[in-house]
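Chemist: Compute the structure for the input listed below.
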Amino acid sequence: MSDETPDSLIPYDEIVQEALRAVVGRVLGEVEATGRLPGDHHFYITFKTGAAGVEIPRHLAERFPDEMTIVIQNRFWDLKVRDDGFEVGLSFNQAPARLAIPFAAITGFVDPAVNFQLQFQAQGDEGALDDHERAENDPPAAEPIEDGSNVVSVDFSRKK
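Modeler: This is a model prediction of the structure:
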């Protein structure tokens, strides 16, 4: 017998990535429906700024040419969630901005209030994630485990 794993004809990685992005959509959809964040929940959302369908102001695209992290917490408005992405109003240096972000462009979702994190590659991005300039309000980045496995670990435990 061979120790090599055969190539799969089923795109498991893509299916799992799509399912994880559905979590982000459902969470944001509930915030849209209620018009507020529940309790102490807030979200750090990292996305590829140059991905297809991303619409952000030019000055942000110039400052973050590859990837940026936004925070959905105290000052956001007009959150609209669609099947393929979301739109939100945020303030950057006291200047209002509207952002449109497809779920396919998202590379990370963190809710630090409950120590919940999802991390994935942007669809169509076959290479490793590059470092990007950190926004002032980014949380410390967790280093991905580079052990070559295809196992996805999700920790649903609550920090007390």
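
Chemist: what's across from the residue lying closest to Leu20 once chain neighbours are set aside in the sheet?
Modeler: Nearest residue to Leu20 in three dimensions, chain neighbours excluded: Leu118, at 5.2 Å (Cβ to Cβ, 6 or more residues apart in numbering). C-beta: built from backbone N, CA, C; applies to glycine. In this structure, Leu118 has beta-bridge partners Phe109, where bridges are defined by DSSP bridges.

Chemist: What is the burial count for Val81?
Modeler: Neighbouring residues of Val81 were enumerated by other Cβ atoms under 10 Å; the total is 20.

Chemist: Can you verify my assumption that it contacts Glu32?
Modeler: Yes. Because the distance of 5.0 Å satisfies Cβ atoms under 8 Å, Val81 is recorded as touching Glu32.

Chemist: following the longest helix belonging to the chain, which helix or strand comes up?
Modeler: Determined from DSSP state H, the single longest helix within the chain is helix 12-34. Once the chain leaves helix 12-34, the next helix or strand it forms, by DSSP states H and E, is strand 43-48.

Chemist: how much does that next one deviate in direction from helix 12-34?
Modeler: Put simply, strand 43-48 runs at 130 degrees to helix 12-34, going by axes from the mean of the first three to the mean of the last three Cα atoms, to 10 degrees.

Chemist: Now do strand 43-48: which elements does it pack against?
Modeler: Using 3 or more Cβ pairs under 8 Å, 6 or more residues apart in numbering; DSSP states H and E as the contact criterion, the neighbours of strand 43-48 among helices and strands are helix 12-34, strand 67-72, strand 106-111.

Chemist: which stretch among the ones you listed comes nearest Pro96?
Modeler: strand 67-72 (13.4 Å; Cβ to Cβ).

Chemist: from the middle of its chain, how far away would that closest one be?
Modeler: A distance of 8 Å separates the C-alpha centroid of strand 67-72 from that of its chain, computed with Cα atoms, centre = their mean, to the nearest Å.

Chemist: before we move on, back to that, can you redo the helices and strands packed on strand 43-48 as CSV with distance to Ala61, mean neighbour count and mean pLDDT?
Modeler: Written out in CSV, the entries for the helices and strands packed on strand 43-48 read as follows (distance: least, Cβ to Cβ, whole Å; neighbours: other Cβ atoms under 10 Å; pLDDT from 0 to 100):
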stretch, distance to Ala61, mean neighbour count, mean pLDDT
helix 12-34, 22, 15, 93
strand 67-72, 9, 21, 95
strand 106-111, 16, 21, 95
